[in-house]
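*Asks:* attaching a predicted model along with its sequence, questions to come.
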Amino acid sequence: MKCPYCGYKESKVIDSRPAEEGSSIRRRRECLSCAKRFTTYETVESLPMVVIKKDGSRQSFDKRKVLNGMIRACEKRPVPFEVLEQKADEIVNGGLTLDMRQKLLFVDGEAVRLTATEYKITELLMRHIGQVFSAAQIYENVWNENADFSVENTVMVHIRHIREKIEIDPKNPRYVKVVWGIGYKMEKHQK
């Protein structure tokens with residue numbers, strides 16, 4: 001981190017603690033050149049959910065648009081608003097259904113018990129089906145910390161546990177795939 005006083009590019013972290021209710025990390029640093037102290041805040045860059053339309057164009061996901069379309073489609077049908085609202089909070093990929101309201105994952109209609117970390121990884125991958133994430137990107141998005149060289153194994157173990165819970169054959173996964181040398185992605189499936 002560049003020192004705001006002298007511009008030197010090296011500093012050491014003296015103190016780290018969560019800030020803003022855990023959504024960022026406050027770090028107290030000391031410049032290795034001038035020895036002055038300064039504070040930095042680190043936050044995870046959140047990735048917006050993107051919808052790929054039939055014509056191939058991309059648009060930011062807007063839950064209200066989905067809900068309004070569902071309301072229009074069901075105007076003359078006896079479908080309760082609560083049901084439509086619940087469906088708007090789901091991401092479906094083949095036999096996987098992620099219920100973001102209840103924080104649950106269903107595989108072929110059966111609820112699967114995921115740890116909080118496994119759920120966050122699954123949600124990240126399902127919100128961005130087909131997009132490849134490096135282990136460092138997954139770590140930074142899920143743990144809200146900067147990734148270092150040791151995160152590769154941590155993410156790999158969590159991915160293995162997710163596969164054991166959602167895949168028929170975890171050694172030949174259908175959903176969570178490795179892109180060798182790059183990272184992981186959620187493969188797109190039709191129902």
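*Replies:* Done, it's in. In this text, all values refer to a predicted model and were calculated from it rather than measured experimentally. Numbering: from 1, shown residues only.
*Asks:* which residues does the residue nearest to Val50 when sequence neighbours are not counted bridge with?
*Replies:* In space, and not counting its chain neighbours, Val50 is closest to Arg58: 5.1 Å by CB to CB, 6 or more residues apart in numbering. To be clear about C-beta, it is placed using only N, CA and C from the backbone, and glycine gets the same treatment. For Arg58, the beta-bridge partners are Ile52 (DSSP bridges).
*Asks:* and Arg58, what does it touch?
*Replies:* Contacts for Arg58 (CB atoms under 8 Å, 6 or more residues apart in numbering) come out as 50-52.
*Asks:* distance of it from Val51?
*Replies:* Distance of Arg58 to Val51, computed by CB to CB, to the nearest Å: 7 Å.
*Asks:* what do you get for Lys87?
*Replies:* Look at Lys87 and Val51: by CB to CB, they are 16 Å apart.
*Asks:* of the two, which one has the most company?
*Replies:* In this view Lys87 and Val51 are compared by other CB atoms under 10 Å, and Lys87 has more residues nearby, 15 against 12.
*Asks:* in this protein, which spans are helices?
*Replies:* Taking DSSP state H as the test, the helices found in the chain are 63-73, 81-88, 116-127, 135-143, 151-166.
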